[in-house]
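1. Make a model of this:
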Amino acid sequence: MGTRSTVKFYESYPDEGKNALIASVYQQYDGYFEGVGLDLVDFLLSRRYTNGLNAETGYTLKTANGPGCLAASYIATHKTEAGDVYMTTSDDTQEYNYRVYFDMKKYLSGIMNPDELITVEVRDCNDCILFPAASPSELRRFITVEIPNRDYEELYGNEN
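-> Numbers count the residues shown, from 1 in each chain. Below you'll find the predicted structure:
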């Protein structure tokens, strides 16, 4: 049995307190921080963010022309065969739920650094925060530095 997760992409309008869901993805396996979590932050940090496309920006899946393009690129790079990755509904919750907020005000003002433009939050199936909204690099640090320095029971509880 896999560790299920969702990755949801939002256009975020923090000044107005609004978030508009643009894509909701269900992943059957490896939903824990060191699996989908690490893959997601590496994906977010490896994109080139633009507002408009041309020969200079390029047209590859490594270029994200806004939040819709970013979400579509995530799906295109992860859906490589039948099963495992599915589109899902907005109310779907699993063991791990990654929320990617793309700040539209910053984007439209020309900020293209993913650590300023994007925040990621992780919640469990009961909507409890596992990792508070922070930059992709901060989540990466949590996964690669803090998690290895904690014991399994502290992170995941005693399953016995």
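
2. Report the contact partners of the residue nearest the centre of the chain.
-> Taking C-alpha atoms, centre = their mean, the centroid of the chain lies closest to V100, which sits 4.4 Å from it. By C-beta atoms under 8 Å, 6 or more residues apart in numbering, V100 lies in contact with V7, K8, F9, Y10, L40, L44, L70, A71, I118, T119, V120. For the C-beta atoms, the positions are set from N, CA and C on the backbone; glycine is no exception.

3. Looking at the residues you listed, which two lie furthest apart in space?
-> Using C-beta to C-beta, the two most remote members of these are A71 and T119, lying 15.1 Å apart.

4. ok, which stretches of this protein are helices?
-> Secondary structure of the chain (DSSP state H): helices at 38-45, 67-78, 104-108, 114-117, 136-141, 152-156.

5. can you tell which of those is closest to P14?
-> It's helix 104-108; of the helices of the chain, that one is closest to P14 (C-beta to C-beta) at 7.2 Å.

6. From the contact counts, what lies against that closest one?
-> For helix 104-108, the elements it packs on are strand 5-13, helix 114-117, judged by 3 or more C-beta pairs under 8 Å, 6 or more residues apart in numbering; DSSP states H and E.

7. Off-centre distance for it?
-> Taking C-alpha atoms, centre = their mean, to the nearest Å, one finds the center of helix 104-108 at 18 Å from the center of the full chain.

8. Surely G37 is in contact with L139?
-> Yes - using C-beta atoms under 8 Å, G37 is in contact with L139, at 6.8 Å.

9. any common contacting residues for these two?
-> Contacts common to G37 and L139, judged by C-beta under 8 Å, 6+ apart, are V122.

10. before we move on, back to that, what's the closest of the helices of the chain to Y26?
-> helix 67-78 (11.0 Å).

11. Now do that closest one against helix 38-45, angle only.
-> In terms of direction (axes from the mean of the first three to the mean of the last three C-alpha atoms, to 10 degrees), helix 67-78 departs from helix 38-45 by 130 degrees.

12. re the thing from before, a markdown table for the helices of the chain, including mean pLDDT?
-> Conversion of these to a markdown table gives the following (pLDDT from 0 to 100):
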| stretch | mean pLDDT |
| --- | --- |
| helix 38-45 | 97 |
| helix 67-78 | 96 |
| helix 104-108 | 95 |
| helix 114-117 | 96 |
| helix 136-141 | 96 |
| helix 152-156 | 59 |
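
13. Before I go, just wanted to say thanks for your time.
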